[in-house]
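Trainee: Build me a structure from this.
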Amino acid sequence: MKVGKVLDISALNLSLQGRLKKFLPGENSLMVMIASAIGLAAGLANILFRSVTDLVHKFIFVPGEHIVQQGGWHILLLPLIPMAGMVLLVPLSLMYPGKVNGYGFTKFLRKVNLEGGYIRFRTIIIKIISTALTIGTGGSAGVEGPIAQVGGALGSQVGQFFRVSGVRMKVYIAAGCAGGVGAMFNAPIAGVFFASEIVLLGTYEISSFSALVISSAMATVVSRAYYGTSPAFPIPNYHLVNPLVEIPLYILMGVIIGIIAVLHIRIFYAVRDRWVGVKLHPQLKPIVGAFMVGVIAIFFPQVMGDGYEYIEEVLAGKGIIWFMILLVFMKIIATSITLGSGGAGGVFAPALFIGAVIGGSFGGSAHYLMPELTANPGAYAAVGIGAFLAASTHAPLTAIFLLFEMTGNYLIIIPIMLSSIIGTVVAHKFQRDSIDTVDFTREGIDIHEGMETAIMKSIKVGSVMTEDVDFISERANIDQLLAIFRMAERSFYFPVINESGRMIGIISMQDVKWVLHDEEQRGEALVGNVCSRDVIVLTPDDNLYNAISLFDLKGIEEIPVVEATDNRWVVGMLRRRDVIAKYNREVLSRGISQRRASGMVGDPRLTITK
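Mentor: The predicted model follows:
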């Protein structure tokens, strides 16, 4: 009877659970709700971010600007304004070393695509304060990268709350990025493509895409409710005056923009590398960098901050051709110094500025030569904004839709498509990496390949190989080889060495099975005559990604490890099973350390893996 009652109660519980599930949101409904919440939070974070930046600008930059505008020797005080911001950044930098200074979007991409996406809440506060102090006081940088990181951190916090991991965590982070960028530019579609092209590296599914759309839309609604419906820049009315003349001009401008984008990327990292080698206290470098930017600003004040005010002038056709050409290079140098020395911010706004002045100077020149056949220089500046952004980030769809949403004019689509795609192709031809992925290539990591490949490339063969190797001389006979086969416990392949101890080949049971039943031949045949001479080898400095590729290519289980490719002194053997075991241990240990760092270590049964 007791057993029967227990069974009845269990059946009742299952029945109640089944009925309750009908009232709970399904998978898709839950995703919509979570994406909406992330978008709402990203929209509010955008308002907070912009408000803090405006506050810093109002109380530090504006009073300093009033003093400088008195003229005379007061102009020499201009460098003190960005220096003040960097001085105020010092306490935050000391509290969180390595988390505040420099261009942080590359580290963010690493977190998202290679390290599981576990981002701490403090990242939100750090990014808002550090970027506001840099840009608000005149440092040459942008807020778009940091707002994407803030939105992504919010998405990560939501993912950690629901204890998700893997692909689902990346989707939540990307949804936060889409919301942050969409709200910043009042351009929800551009926010979606920013997240999908730049954050998710172009790898996404329909389910994740819908989350990006919902989050970006919700964030933009919040932003529009607070700031209104005006786009980031007032783009002038656009039209093609003479397509037969202007389309080739836009194509030519795309080529020029692609070349300058490569120059921008290389200068940016060259300057940053120089700052790394400068023998100064780390906290002094941003201050010295701010001084240098301030000196440039004495002659070119347009390079300070995000440069949006001057972009508006260029879009209105008020730029001077020769001055805009100079500003292209001054902005590249100022941005490289600001971020390379340790200022905080992004490169999105500087890219828009550089694109605007390239387009403005190109369009101004074309309009000067062919005034009746070409549009106002502001039209070329608008296209230049999107084309340079596409070329430097290798994200043409983001640029195309950003310009389309800003203008609301379908006629701009054809020029921006041509210039953006051509600019991206030219930039990719001479610089395989975008401005966000250079560091990964320097480390030998292809971030587009994902976390699994990155783990394999980070582990050296020398740390996995076994040094317990059974050798056999090339002068040994088959009977002696069979004796070694019988004694070997784990090996199936044996390096064959000559008198000097260098490997000349490798032998396995497969190579000698033809003489196993011939006793006379077993005593006469020498190992050196029957071994395989065409042997693939590895060195201790090779990585496991290369090793596993060779295992798959040749269909073998062991590969000899030699001291060097030109010195085949065998130092070990690498076994396929050891590689797989090492990879599994590394994935497990990294997952545990990431969860511990984000405070998510707990009962593994509570973890939802999507």
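Trainee: thought residue 412 was touching residue 238?
Mentor: Yes - with contact defined as Cβ atoms under 8 Å, residue 412 reaches residue 238; the gap is 4.8 Å. Where C-beta positions appear, they are placed from N, C-alpha and C, glycine not excepted.
Trainee: joint contacts of those two?
Mentor: Both residue 412 and residue 238 are contacted by 379, 382, under the criterion Cβ atoms under 8 Å, 6 or more residues apart in numbering.
Trainee: give me the element the nearest residue to residue 533 once chain neighbours are set aside is part of.
Mentor: Leaving aside its chain neighbours, residue 533 sits nearest to residue 505 (4.5 Å; criterion: Cβ to Cβ, 6 or more residues apart in numbering). Using DSSP states H and E, residue 505 sits within strand 503-508.
Trainee: Okay, helices next: where are they in the stretch 401-550 of the chain?
Mentor: Using DSSP state H, counting those that start in this stretch, the helices of the stretch 401-550 of the chain run over residues 413-430, 438-442, 451-458, 478-487, 509-512, 519-524, 527-530, 544-554.
Trainee: out of those, which comes closest to residue 384?
Mentor: When those are compared by Cβ to Cβ, helix 413-430 sits nearest residue 384, at 7.4 Å.
Trainee: buried stuff in that closest one?
Mentor: Neighbour counts over helix 413-430 (16 or more other Cβ atoms under 10 Å) mark 415-428 as buried.
Trainee: With pLDDT and distance to residue 402 as added columns, please give those residues in CSV.
Mentor: Supplementary listing: the buried residues of helix 413-430 in CSV, determined by pLDDT from 0 to 100; distance: Cβ to Cβ, whole Å:
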residue, pLDDT, distance to residue 402
415, 92, 14
416, 92, 9
417, 93, 13
418, 94, 16
419, 95, 13
420, 95, 10
421, 96, 15
422, 96, 17
423, 96, 14
424, 96, 14
425, 96, 19
426, 96, 20
427, 96, 17
428, 93, 19
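Trainee: ok, how many other residues are close to residue 53?
Mentor: Counted with other Cβ atoms under 10 Å, the neighbours of residue 53 add up to 23.
Trainee: Setting aside sequence neighbours, what's the nearest residue to it?
Mentor: That would be residue 132: by Cβ to Cβ, 6+ apart, it lies 4.3 Å from residue 53.
Trainee: Okay, now the unreliable bits of the stretch 351-500 of the chain?
Mentor: Within the stretch 351-500 of the chain, the set of residues satisfying pLDDT under 70 comprises 447-452, 488-491.
Trainee: do the same with the stretch 151-300 of the chain
Mentor: Residue ranges of the stretch 151-300 of the chain with pLDDT under 70: 165, 202-207.
Trainee: Now do the buried residues in the lengthiest helix in the chain.
Mentor: Longest helix in the chain, counting residues (DSSP state H): helix 243-277. Neighbour counts over helix 243-277 (16+ other Cβ under 10 Å) mark 246, 249-250, 253-254, 256-269, 271-272, 275 as buried.
Trainee: Which strands and helices lie in contact with the helix or strand following it?
Mentor: Downstream of helix 243-277, the next assigned helix or strand under DSSP H and E is helix 285-299. Helices and strands touching helix 285-299, by 3 or more Cβ pairs under 8 Å, 6 or more residues apart in numbering; DSSP states H and E, are helix 80-95, helix 321-341.
Trainee: Deepest-packed of these, please.
Mentor: helix 321-341 (a mean of 23; mean count of other Cβ atoms under 10 Å).
Trainee: relative orientation of it and helix 243-277 in degrees?
Mentor: 30 degrees (axes from the mean of the first three to the mean of the last three Cα atoms, to 10 degrees).
Trainee: I'd like the average pLDDT over helix 321-341.
Mentor: Regarding helix 321-341, the rounded mean pLDDT is 96.
Trainee: ok so, going back, thinking the residue nearest to residue 53 is in contact with residue 51, fair?
Mentor: No - between residue 132 and residue 51 no contact is recorded; they are 9.1 Å apart, counting by Cβ under 8 Å.
Trainee: what about residue 306, which SS state?
Mentor: coil (DSSP: H, G, I helix; E, B strand; the rest coil).
Trainee: for it, what are its contacts?
Mentor: By Cβ under 8 Å, 6+ apart, the contact set of residue 306 is 135, 141-143, 349-350, 353.
Trainee: what pLDDT does it get?
Mentor: As predicted, residue 306 sits at a pLDDT of 89.
Trainee: Could you give the number of residues near the spatially closest residue to it that is not a sequence neighbour?
Mentor: With Cβ to Cβ, 6+ apart as the measure, residue 349 is the residue that lies nearest to residue 306, at 4.0 Å, once sequence neighbours are left out. Residue 349 is flanked by 25 other residues according to other Cβ under 10 Å.
Trainee: element containing residue 349?
Mentor: Here residue 349 is assigned to helix 348-369, by DSSP H and E.
Trainee: Longest strand in the protein, by number of residues?
Mentor: Counting residues, the longest strand found in the chain (DSSP state E) is strand 567-575.
Trainee: same for that one, what does it pack against?
Mentor: strand 493-497, strand 503-508, strand 558-564.
Trainee: Tell me which of those strands sits nearest to residue 310.
Mentor: Ranking the helices and strands packed on strand 567-575 by their distance to residue 310 (criterion: Cβ to Cβ) puts strand 558-564 first, at 56.5 Å.
Trainee: The closest one vs helix 544-554, what angle?
Mentor: For strand 558-564 against helix 544-554, the angle by the same axes, to 10 degrees is 130 degrees.
Trainee: what comes up buried for strand 558-564?
Mentor: Counting neighbours by 16+ other Cβ under 10 Å, strand 558-564 gives 558-562 as buried.
Trainee: still on that earlier bit, let me know the closest of the contacts of residue 306 to residue 153.
Mentor: residue 143 (14.7 Å).
Trainee: Let me know how buried the closest one is, in neighbour terms.
Mentor: Neighbouring residues of residue 143 were enumerated by other Cβ under 10 Å; the total is 27.
Trainee: my read: it touches residue 183, true?
Mentor: No - applying Cβ under 8 Å, one finds residue 143 not in contact with residue 183, separated by 11.4 Å.
Trainee: Centroid-nearest residue for the chain?
Mentor: Central residue of the chain (Cα atoms, centre = their mean): residue 109, 3.6 Å from the mean position.
Trainee: how much space is there between residue 347 and residue 424?
Mentor: Counting by Cβ to Cβ, to the nearest Å, the gap from residue 347 to residue 424 is 16 Å.
Trainee: Burial check on residue 103, number of neighbours?
Mentor: 27.
Trainee: Not counting its neighbours along the chain, what's nearest it?
Mentor: Per Cβ to Cβ, 6+ apart, closest to residue 103 is residue 339, 4.4 Å.
Trainee: Contact partners for the one you found?
Mentor: Going by Cβ under 8 Å, 6+ apart, residue 339 touches 102-103, 141, 268, 272, 345, 347.
Trainee: likewise residue 212?
Mentor: Counted by Cβ under 8 Å, 6+ apart, residue 212 has contacts 35, 171, 174-175, 178, 191-192, 195-196, 204.
Trainee: give me that answer again for 6 Å
Mentor: Going by Cβ atoms under 6 Å, 6 or more residues apart in numbering, residue 212 touches 174-175, 178, 192, 195.
Trainee: Please parse the chain into its domains.
Mentor: The chain is divided into the following domains under automatic domain parsing: 26-227, 243-447, 461-585.
Trainee: how about those in TSV, adding distance to residue 454?
Mentor: Formatted as TSV, the domains of the chain follow (distance: least, Cβ to Cβ, whole Å):
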stretch	distance to residue 454
domain 26-227	5
domain 243-447	5
domain 461-585	9
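Trainee: Tell me which of the ones you listed lies nearest to residue 453.
Mentor: The closest of those to residue 453 is domain 461-585. By Cβ to Cβ, the value is 6.0 Å.
Trainee: Now do that closest one: distance to the chain's middle.
Mentor: Offset of domain 461-585 from its chain centre (Cα atoms, centre = their mean, to the nearest Å): 41 Å.
Trainee: For stretch 556-572, give me every contacting residue.
Mentor: Applying Cβ under 6 Å, 6+ apart, the contact partners of stretch 556-572 are 461, 465-467, 493, 495, 502-503, 537-538, 573-576.
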